[in-house]
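K.L.:
The following comprises the amino acid sequence and a computationally predicted model.
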Amino acid sequence: MALLAEGYVLRRLLPLARRSRRVPRPGPECGAPALGALLGGLPARRPGARPAGMDHLPAQGAGAPVAMKLLIVNADDFGLNTSVNEAIAECHRAGNLTSTTLMVNAPATAEAVDMARAMPELGVGLHFNLTQGMPLTAGLAHCGLADARRGSHDRRRVILGALAKPAARAAIREELRAQYQRMLDLGLEPTHIDSHQHVHGAPPIFAAMAELCLELDLPMRVPWADARSGERSLARRLRRTALRLLLDSAVRPWADRLRCNTALASVFDLSELPPALSDTDYARLLADRPDGVLELMVHPARSEQAMQGATRIGAVSEAEWRYLRNANLPALAATHGYTLGNYAHIQLRAAAGAG
């Protein structure tokens, strides 16, 4: 069934891929000026304004030095459960985690918000969630992307629905705005937006996020596939090819207009996942990269057992927590030319370039 679904995606996107060249990745600045006030009743942001709680960031205005290699260590799934929340807080306090993204409709969202308020140096973005838990709006259920009683459907069903149904695309936009507004209502202004399980790799969902980020003058994660990743199985290679085609199609209309990362890496890009992670593994992810903004995506959790029923990567999450709570990632990053920061620094980099 998985291969059939990937085949459907490939059939939809191969003609598009043949008609145009591969999308070039943005350069180190990776930014565009703000488009102005937000449409649709959401509060506007001043161009170049720092998100609330980010006053600690070093000044990088005109004339100030701008890091040519910025490393953002971002933990997904903030709010999923207490194990995740505590792991994120511990890794941040250890100095190895600079950013996270909040699920506003998750069981431990309120706890995560309280923790975030106590960690003003932690950049907190919105983790747009279409595939786990109950949506905030009714439109997803009306168009078949969620169940009114059981909540969201799986990623494959959401992506295929978004590709096929105009009503689904409208419902996704409505849900995205609702989740952004929920984060504001919780007292946090997001530094950026990404999505749970990379659903915005699909062009219609990417477009919804890109439109909102441009309106709000917010950076967003682009889920670039790491070309250096070594995939051994045919199924995984086909899946990565399908995702790369999807993403190229998604990014093409927005190239050079978004503030975003220029690369994305995670331990899932390693050819083999060891039971215990080490500096050697993370050095492989950081080595020999050009200037730009690299996001190191992590999913720390304090207990594999606590992740049962919530995710299939519980063992990896616990291994990431065990590494990030004790490592000296800033020193390791520095050996590869990186300065650590969060997505607010992308705004500051773009402002410095404009100056």
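P.N.:
Perfect, thanks for sending it.

K.L.:
Please enumerate the strands of the stretch 51-200 of the chain.
P.N.:
Secondary structure of the stretch 51-200 of the chain by DSSP state E, counting those that start in this stretch: the strands cover 69-78, 99-102, 123-128, 146-147, 151-152, 193-195.

K.L.:
So which residues of this structure form helices?
P.N.:
If DSSP state H is used as the criterion, the helices of the chain fall at 2-19, 82-93, 109-117, 139-142, 155-164, 166-185, 203-216, 234-251, 279-286, 314-324, 329-335, 344-354.

K.L.:
Which of those helices sits closest to His299?
P.N.:
Closest of those to His299 is helix 314-324, at 4.8 Å (criterion: CB to CB). In this view, the C-beta of every residue, glycine as well, is placed from N, C-alpha and C.

K.L.:
Hey, what's the angle from the closest one to strand 69-78? Just curious.
P.N.:
130 degrees (axes from the mean of the first three to the mean of the last three CA atoms, to 10 degrees).

K.L.:
Helix 314-324 to helix 279-286, inter-axis angle?
P.N.:
For helix 314-324 against helix 279-286, the angle between stretch directions is 100 degrees (the same axes, to 10 degrees).

K.L.:
Look up the closest residue to Thr311, ignoring the ones flanking it.
P.N.:
Nearest in space to Thr311, with sequence neighbours left out and distances taken as CB to CB, 6 or more residues apart in numbering, is Ser317 at 7.0 Å.

K.L.:
And for Thr335?
P.N.:
Looking at Thr335 with CB to CB, 6+ apart, the closest residue is Ala283, at 7.9 Å.

K.L.:
The one you found touches His336, doesn't it?
P.N.:
Yes. In this structure, Ala283 is within contact of His336 by CB atoms under 8 Å, at 7.3 Å.

K.L.:
Between those two, which is the more surrounded one?
P.N.:
His336 (16 against 13; other CB atoms under 10 Å).

K.L.:
which ones are touching that one?
P.N.:
69, 283, 286-287, 289 (CB atoms under 8 Å, 6 or more residues apart in numbering).

K.L.:
can you check His192 too?
P.N.:
Here His192 is in contact with 99, 101, 123, 125-126, 213, 218-221, 343-344, 346 (criterion: CB under 8 Å, 6+ apart).

K.L.:
Just read off the phi/psi values of it.
P.N.:
Here is the backbone geometry of His192 (degrees, to the nearest 10): phi -170, psi -180.

K.L.:
now it: how far from Trp321?
P.N.:
Using CB to CB, to the nearest Å, His192 is found at 23 Å from Trp321.

K.L.:
Hmm, Ala171 and Ala208 touching each other?
P.N.:
No. Contact status for Ala208 versus Ala171: not in contact, 10.0 Å apart, counting by CB under 8 Å.

K.L.:
low-scoring pLDDT stretches of the stretch 51-200 of the chain, where are they?
P.N.:
Residues of the stretch 51-200 of the chain meeting the criterion pLDDT under 70: 51-67.

K.L.:
Ignoring the adjacent residues along the chain, who's closest to His198?
P.N.:
Closest residue in space to His198, ignoring its immediate chain neighbours: Pro223 at 4.4 Å, by CB to CB, 6+ apart.

K.L.:
try Tyr343
P.N.:
In space, Tyr343 is closest to His192, 3.6 Å off (CB to CB, 6+ apart).

K.L.:
sorry, back to before: so can I have TSV of the strands of the stretch 51-200 of the chain showing mean neighbour count and distance to Ser249?
P.N.:
Listed next are these as TSV, based on neighbours: other CB atoms under 10 Å; distance: least, CB to CB, whole Å:
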stretch	mean neighbour count	distance to Ser249
strand 69-78	27	23
strand 99-102	29	24
strand 123-128	28	19
strand 146-147	20	25
strand 151-152	18	24
strand 193-195	26	16
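
K.L.:
quick one, which of these is nearest to Glu272?
P.N.:
strand 69-78 (21.9 Å).

K.L.:
Run through the neighbouring helices and strands of the closest one.
P.N.:
helix 82-93, strand 99-102, strand 123-128, strand 292-298, strand 339-341, helix 344-354 (3 or more CB pairs under 8 Å, 6 or more residues apart in numbering; DSSP states H and E).

K.L.:
Within the sheet, what are the partner strands of that strand, with directions?
P.N.:
Strand 69-78 pairs in its sheet with strand 99-102 (parallel), strand 292-298 (parallel), strand 339-341 (parallel), by DSSP bridges.
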